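**Q** no FASTA, just this:
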């Protein structure tokens, strides 16, 4: 497979997520700063939390039908000459 290494499927999906003003149903820790303790927001602001969006149930549906993560992993594997690559998408929960 020869993919477009300039493509950024997850970045494009995140851009679409923000520009369409979507708000996914996800755990409280993934609410783009909503619900964060006000003391934390005063110090850090909302920016560190703005792009904390789950791949499934956020950027994509729970079945990952749009394939954003799969496509990004395929591009990464190709870029480093591997058969496959997996991104950790669970953060500290992993």
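**A** Yep, that arrived. Predicted, not measured: the structure shown is a model, and the values here were computed from it.

**Q** So which residues lie in contact with the host helix or strand of residue 18, not counting its own?
**A** Per DSSP states H and E: residue 18 is located in helix 9-19. Among residues not part of helix 9-19, those counted as contacts by CB atoms under 8 Å, 6 or more residues apart in numbering are 24, 50-51, 53, 55, 58-60, 66-69, 71-72, 75. (Each C-beta comes from the backbone N, C-alpha and C, glycine too.)

**Q** Repeat the analysis, applying 10 Å as the threshold.
**A** In this structure, residues lying in contact with helix 9-19 by CB atoms under 10 Å, 6 or more residues apart in numbering are 3, 8, 22-24, 32, 50-51, 53, 55, 58-60, 66-75, 87, 89.

**Q** Now that we have the residues you listed, which of them are buried?
**A** Neighbour counting with 16 or more other CB atoms under 10 Å marks 24, 32, 53, 55, 58-60, 68-69, 71-75 as buried within these.

**Q** Can you tell me which of these end up in helices?
**A** 68, 69, 71, 72, 73, 74, 75 (DSSP state H).

**Q** measure the fifth one to residue 85 for me?
**A** Read that as residue 73. From residue 73 over to residue 85 the distance is 5 Å, taken as CB to CB, to the nearest Å.

**Q** With the first one instead?
**A** Distance check for residue 68 against residue 85: by CB to CB, it reads 14 Å.

**Q** From the buried ones among the contacts of helix 9-19, pick the one nearest residue 43.
**A** Taking CB to CB as the measure, residue 43 lies nearest residue 32 of those, at 17.2 Å.

**Q** The closest one contacts residue 21, doesn't it?
**A** No - assessed by CB atoms under 10 Å, residue 32 is found out of contact with residue 21, at 11.1 Å.

**Q** and the strand or helix carrying residue 43, what does it pack onto?
**A** According to DSSP H and E, residue 43 maps onto helix 38-44. The contact analysis (3 or more CB pairs under 10 Å, 6 or more residues apart in numbering; DSSP states H and E) places helix 38-44 against helix 47-50.
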